[in-house]
Each structure stands twice: as structure tokens, then as C-alpha cells.
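**Q** generate coordinates for the sequence data below:
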Amino acid sequence: MSLPVSVTKLPLILHLLIETPASLSFLLKPHSQLPGASPEAVLILRNFGGLLLSTNILTLLFLYRGTGKEEDDGLTALVEICLGTYHFWPIHRAWRRMNGSRLSSAKREERKERENTNGKGNGYNGWSQNGNGKRMEKKEEKAPLGGPKVHFVVHVVCLVALLGVGISSL
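**A** Have a look, this model is predicted:
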């Protein structure tokens, strides 16, 4: 019995399943990603959502492209490697979010000074500021798409799957 999709394409399906909700979250609900974001930051978040959506479209095209072909020209492997390298950055972000409380005192002071001099904050770690730049209470909001621990695990799995299959397929 043969599978309708080659095992080498499973990491592409995984990427598509993981990044579709993420792209929609950045595009449609940017404030869930960065509470208290300025209008400029919202544009950047939506731009990032569009970039993620374009990787999903590329992934769909490569899944469709491979249907029924016995031999692959190696391009799918290169795309898997490329998509795999993207996952380093969400892993880094999740790691920093999980370990933010472990910043050195110098780094905490630097961050505090930066927030004080910038006026309006970015709402990082659930904190929000009002229009006058004064810190408000910490918001207890549900973490978007599972929070940093889920992001960390999911993106490590994506990274290993995409790079593993991509490199072994060359």
C-alpha cells in the first residue's frame, strides 16, 4: 500500500499545519501577538503574517508539484532546508519568552531604561501601557496559540523534520 504523499513531504505538511494559524494570527489579530502594539508595529506584524502566508503558499505548491512524480530534482529538499532554517527564530523567541525572568540585573535595568525613555511600551510579557506611557497592571491574557513552551516544542519538531528530511534527500 502506498501513501498518497511521500514520507519526504510530511515535514512540508507539518510546516503548513503549524504556520497557517500563525500567519492568520499575525494578519488578523496582531494585538494578540504584541499587546499594546503601536500602529507601526501592527503593520510590521501584519507584514510578517503575510510572509508566513507566502511560505504556506510555497509549501502547497511543492506538495502539489510532487504528486505522481517518481523522481524529484532535489528542489523540494532545498525548500525543506530553507523552511527549516526559519524555525530557528521562533525557537529563539520562545526560549527568550520562557527564560525572560532569568535576565541579568544589568539587562533588566537596560530594558527598564529603554521602556522609560521610549514612552509607550510594547506590551512585552503581558504588560501594557496607556496612552500617557504609564505602566498599567499586568494583563492575564491567554497566550496566543499555546504560549512559549508549546511554540518551543512545535518549532523544534518542525526544524528537525524539515532539516532532517531535506538534508537526507540531497
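**Q** in contact with residue 61, which residues?
**A** The contact partners of residue 61, taken as CB atoms under 8 Å, 6 or more residues apart in numbering, number zero. Glycine gets a C-beta too; all of them are placed from N, C-alpha and C.
**Q** begin at 713 from here
**A** Noted, 713 is the first residue going forward, which turns the last one into residue 773.
**Q** where does residue 785 land in three-state SS?
**A** The three-state label given to residue 785 by DSSP: H, G, I helix; E, B strand; the rest coil is coil.
**Q** how near is it to residue 793?
**A** 14 Å (CB to CB, to the nearest Å).
**Q** check residue 775 too.
**A** 16 Å.
**Q** what do you get for residue 870?
**A** Taking CB to CB, one finds residue 870 at 12 Å from residue 793.
**Q** ok, those two, which is more surrounded?
**A** residue 870 (22 against 17; other CB atoms under 10 Å).
**Q** need the pLDDT of the nearest residue to residue 856 once chain neighbours are set aside.
**A** Spatial nearest neighbour of residue 856, chain neighbours left out: residue 744 (4.4 Å); criterion: CB to CB, 6 or more residues apart in numbering. If you check residue 744, the pLDDT there is 92.
**Q** tell me the secondary structure at residue 744.
**A** With three-state DSSP as the criterion, residue 744 reads helix.
**Q** burial check on it, number of neighbours?
**A** 16.
**Q** now do residue 766
**A** That count, for residue 766 with other CB under 10 Å as the rule, works out to 11.
**Q** pull out the buried positions in whatever helix or strand it lives in.
**A** In this assignment (DSSP states H and E), residue 766 forms part of helix 751-777. For helix 751-777, the neighbour count (16 or more other CB atoms under 10 Å) marks 753, 757, 760, 761, 764, 765, 767, 768, 770, 771, 774, 775 as buried.
**Q** how far off helix 751-777 does whichever helix or strand residue 726 is part of point, in degrees?
**A** Element membership for residue 726, per DSSP H and E: helix 722-740. Between helix 722-740 and helix 751-777, the angle comes out at 150 degrees (axes from the mean of the first three to the mean of the last three CA atoms, to 10 degrees).
**Q** which outside residues touch helix 722-740?
**A** Contacts for helix 722-740 (CB under 8 Å, 6+ apart): 717, 744-745, 757-758, 760-762, 764-765, 767-768, 771-772, 774-775, 788, 791-792, 795-796, 856-857, 866-867, 869-870, 873-874, 876-878.
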